[in-house]
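1. Mind folding the following:
(one chain, ligands or ions: 1)
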Amino acid sequence: MASSQLMHRSAGCFALALALPSGGNRSAARVRCSFPRTYEELQKGVGLEELVRGAESAGARGRSKLLRRSGNEDDVDRRRTGGTRSSPPPSRNGSSMAPADLDCEHFSRCSGCVIDKALDEPRVMRDAVSFFKRHAVDDMALTTVGVWDWRCRAKLAVRGTCDNPLIGLYEEGSHVVVDIPNCRTHHPRINAAVELVKEAIRTLGVEPYNEETHTGQLRYLQMVVTTFNSSLPAAERYAEGKVQVTLVWNAREEKSVEADLLQPMAEFLWQKGGLGRRGSTPILHSVWANFQTTRTNIIFGGKWRHLLGEQQLWERVGGADICFTPASFGQANVQAFEALLRRLQKKVKRDSAVVELYAGVGIIGISLAVTRACRSVKCVEVNKEAKDSFQLSLARVPDSVDCKISWHCADASVSPINWLEGAEVVIVDPPRKGLDAPVIEALRLASLRGQGKQKSPSSSNVNRVEKRPWIVRAKQDSVVKDSASDWQEEVDVIWPDTLIYVSCGWESFKRDCAALIEGDAWHLDDAHAFNFFPGTDSIETLAVFKRGKSTGTKSSKKKAGRRTGPIPFHRKVGKGALPKAKQ
Ligand SMILES: C[S@@+](CC[C@H](N)C(=O)[O-])C[C@H]1O[C@@H](n2cnc3c(N)ncnc32)[C@H](O)[C@@H]1O
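-> The predicted model follows:
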């Protein structure tokens, strides 16, 4: 996808940039602005798992008086479109909560956020609630882990001059970069790292890129925060996150003459923000370079170089240690993702055989292997860059985990039925455009086969044909960890009876859902939304489908327990979410 699209956050979900987070004004504004508990917790720093654990119990205990907490994703595919600003915010269901307003000085020009009021109630939830109600899921709710400081991944354009660098996102519909030093959605350490980059540009005379003349040196930045630090108490890890900075340089490689200032810049950053930082803790994790010389809007070139700091970036997600390279996809809102994973884990029966399509670095699969004692987990991902990350993460899966875990570099839309065979649970987490048509057809077919309505595997012609036998292909492009116990190939063919759909594209989800349930191939069993991108009118949806026609049993149960009054689609999580009486 073109970077021009990337750089407008409203055209997806994006990354903003800028300045020193510790300014007194900003802090004061935050205290005034409705989330005193969140503010205090952010100052103290609350660990990811601790935060979300507290959130879950709070969610279970009631939501009417919940306060809010802070929350994460990013990538080209994950950016969502901002919705209309004209519709009024949904009702707060009688809650006395103060509004979760953005209160950001950049809002009027920056394309990153499209909503600055009631960030905890994206308007799209109205549609989502009524959609799921029509499909017999009438307790659809939204989990908001926090509305500020949630973005742990940002891709930012560098423009302007070496005396006055501009670092941020494009203004909507243009290629004018809006400088966003005090972005309220960024993890504060991203803003601090951007400030350092500006200082380096001014001091060393680094030329920001000029699109028109295709001159200049520094084109983009990628900032990724890791909150993984086992030497700190869990409560301090989020606030103490460190930034992996990638400098996207307008040169073919580090030895090119155009890259003469690359190493000096990396050393400057490391001196001021890394281990060389005297008297204070480092804010940088590492410095990388990426080389991009094309005239296109594509942000990254194919060449990456590690320059300084730690090479591997780790995050603790869903109960597992996960490694990311700068080229891997990662969720920007790590706290909200953690909340989603915890809910997802509960939807998978222990000892299941799981296949995950669109798996990225395999976070969901590894997390299930570790927390649900799965019999097997197969991850399928098209981006080969994710393989190294998966391998490193796999090496940290404890030996006690008795699960056959594998990762396969493959296009899920090619012969997808082969991946579904032998799995009880299938998880899909596609890009914003939704599922590929062959995957939908294969999911429908797998359901029919599971119901005994379609017998012959060879009779299907719904898939594009991959010439290599799938088993050969899987072996060639795979990483596999066998279980400690003997692995036995399934003799009786099993087909998934549970389909878990993680969606970052609401419109494509609705379309895919209609295709999946058509003719009672699947029915919706459960759905929940997560506020992954506060400031945008978008949600991340976790939907659980069961095979075949609904028996009505679950729906009747839900009806029996249904509350009267407006549908409470909003749920806040985190310690701050506990009803006062119970704290
Ligand atoms: C929304 S991301 C989810 C990744 C992962 N589940 C996570 O949360 O980190 C979608 C992933 O699907 C991958 N993808 C896109 N098209 C694909 C295809 N046809 N086959 C397999 N993977 C695909 C992308 O490379 C990306 O890693």
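
2. so what's the closest residue to the ligand within the stretch 301-450 of the chain closest to, chain neighbours aside?
-> Per CB to the nearest ligand atom, Gly360 is where the stretch 301-450 of the chain lies closest to the ligand, at 2.8 Å. (C-beta placed from N, C-alpha, C; glycine too.) Leaving aside its sequence neighbours, Gly360 sits nearest to Phe329 (CB to CB, 6 or more residues apart in numbering; 4.6 Å).

3. And the pLDDT for the one you found?
-> As predicted, Phe329 sits at a pLDDT of 92.

4. how near is it to Ala359?
-> According to CB to CB, to the nearest Å, Phe329 and Ala359 sit 10 Å apart.

5. Give me the more crowded residue out of those two.
-> More crowded of Phe329 and Ala359, by other CB atoms under 10 Å: Ala359, with 27 against 24.

6. wait, doesn't the more buried one sit right on Val377?
-> No: when contacts are counted by CB atoms under 8 Å, Ala359 is not listed as touching Val377 (9.4 Å).

7. okay, and the common contacts of these two?
-> Listed as contacting both Ala359 and Val377 by CB atoms under 8 Å, 6 or more residues apart in numbering are Gly365.

8. Please, which helix or strand holds Lys198?
-> Using DSSP states H and E, Lys198 sits in helix 188-204.

9. and that helix, what other elements does it pack with?
-> Applying 3 or more CB pairs under 8 Å, 6 or more residues apart in numbering; DSSP states H and E, we find helix 188-204 packed against strand 153-160, strand 165-170, strand 218-226, strand 242-249, helix 262-273.

10. returning to that earlier point: for the residue of the stretch 301-450 of the chain closest to the ligand, give me its contacts.
-> Gly360 neighbours (CB under 8 Å, 6+ apart): Ser328, Phe329, Gly330, Glu381, Asn383, Ala386, Asp429.

11. again, but for Ser550
-> Going by CB under 8 Å, 6+ apart, the list of residues near Ser550 reads Ala136, His523, Leu524, Asp525.

12. and if you look at Phe228?
-> So Phe228 contacts Arg237, Leu313, Trp314, Glu315, Arg316, Asp321 (CB under 8 Å, 6+ apart).

13. cutoff 7 Å now
-> Going by CB atoms under 7 Å, 6 or more residues apart in numbering, Phe228 touches Trp314, Glu315, Arg316.

14. Could you verify that the first one is part of a helix?
-> In other words, Trp314. No: secondary structure of Trp314 (DSSP: H, G, I helix; E, B strand; the rest coil): strand, not part of a helix.

15. What is the burial count for it?
-> Other residues lying near Trp314 total 20 when counted by other CB under 10 Å.

16. Same check on the last one?
-> As a burial measure, the neighbour count of Arg316 was computed by other CB under 10 Å and equals 20.

17. Report the beta-bridge partners for it.
-> On the basis of DSSP bridges, Arg316 takes part in beta bridges with Asp321.

18. where are the low-confidence patches of the chain?
-> Scanning the chain for pLDDT under 70 picks out the ranges 1-99, 455-477, 482-492, 553-583.

19. ok, the residue of the stretch 101-250 of the chain found nearest the ligand to Ala543 distance?
-> The ligand sits closest to Arg153 of the stretch 101-250 of the chain, with a gap of 11.1 Å, by CB to the nearest ligand atom. For Arg153, the distance to Ala543 equals 24 Å [CB to CB].

20. now Ser413
-> Taking CB to CB as the measure, Ser413 and Ala543 are separated by 20 Å.

21. With neighbour numbers in mind, choose between these two.
-> Higher neighbour count among Ser413 and Ala543: Ala543, with 25 against 19, using other CB under 10 Å.

22. In contact with Val370, which residues?
-> Gly319, Ala320, Val397, Val401 are the contacts of Val370 under CB under 7 Å, 6+ apart.

23. Could you say which helix or strand holds it?
-> Using DSSP H and E, Val370 sits in helix 363-371.

24. And the ligand, is that helix touching that?
-> Yes: contact of helix 363-371 with the ligand (CB under 6 Å from any ligand atom) involves Ile363, Ile364.

25. The ligand contacts on this structure?
-> Contact residues (CB under 6 Å from any ligand atom) of the chain with the ligand: 77-78, 329, 331, 358-360, 363-364, 380-383, 411-413, 429-431, 436, 504.

26. run the last query once more with 8 Å
-> Applying CB under 8 Å from any ligand atom, we find that the chain lies next to the ligand at 73, 75, 77-78, 328-331, 337, 356-364, 380-383, 386, 410-414, 429-432, 436, 439, 502, 504.

27. Work out which residue lies at the spatial centre of the chain.
-> With distances taken as CA atoms, centre = their mean, Gln331 lies nearest the centre of the chain, 2.2 Å away.

28. Could you double-check that Asn191 sits in contact with Asp179?
-> No: contact criterion CB atoms under 7 Å: Asn191 and Asp179 do not qualify, at 11.5 Å.

29. so the closest residue to Ala289 other than its chain neighbours, which of the three states?
-> Of all residues not flanking Ala289 in the chain, Arg305 sits nearest, at 4.6 Å (CB to CB, 6+ apart). On the three-state scheme (three-state DSSP), Arg305 is labelled strand.

30. What's the local residue count around Arg305?
-> By other CB under 10 Å, neighbour count at Arg305 equals 18.

31. do Arg511 as well
-> Using other CB under 10 Å, Arg511 has 14 neighbouring residues.

32. who's in contact with it?
-> Applying CB under 7 Å, 6+ apart, one finds that Arg511 lies in contact with Gly434.

33. Now stretch 101-117: buried residues?
-> Neighbour counts over stretch 101-117 (16 or more other CB atoms under 10 Å) mark 101-107, 110-115 as buried.

34. Check the separation of the first and last residues in it.
-> Between the opening and closing residues of stretch 101-117 lies a distance of 4 Å (CA to CA, to the nearest Å).

35. Any chance of the helices and strands packed on helix 188-204 in TSV with mean neighbour count as columns?
-> As requested, those are arranged in TSV below (neighbours: other CB atoms under 10 Å):
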stretch	mean neighbour count
strand 153-160	27
strand 165-170	26
strand 218-226	25
strand 242-249	27
helix 262-273	20
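
36. Any idea which of those gets closest to Arg372?
-> Arg372 lies closest to strand 218-226 among those, at 25.2 Å (CB to CB).

37. which residues touch that closest one?
-> With contacts defined as CB under 7 Å, 6+ apart, strand 218-226 is touched by 152-158, 167, 187, 189-190, 193, 197, 201, 206, 208-209, 241-250, 285, 292, 299, 313-315, 326, 330.

38. orientation of it relative to helix 262-273 in degrees?
-> Strand 218-226 and helix 262-273 are oriented at 40 degrees to each other (axes from the mean of the first three to the mean of the last three CA atoms, to 10 degrees).

39. Can you say which of the helices and strands packed on helix 188-204 is nearest to Arg343?
-> strand 153-160 (21.7 Å).

40. Touching, the residue of the stretch 101-250 of the chain closest to the ligand and Asn333? I think so.
-> No: counting by CB under 7 Å, Arg153 does not reach Asn333; the two are 8.7 Å apart.
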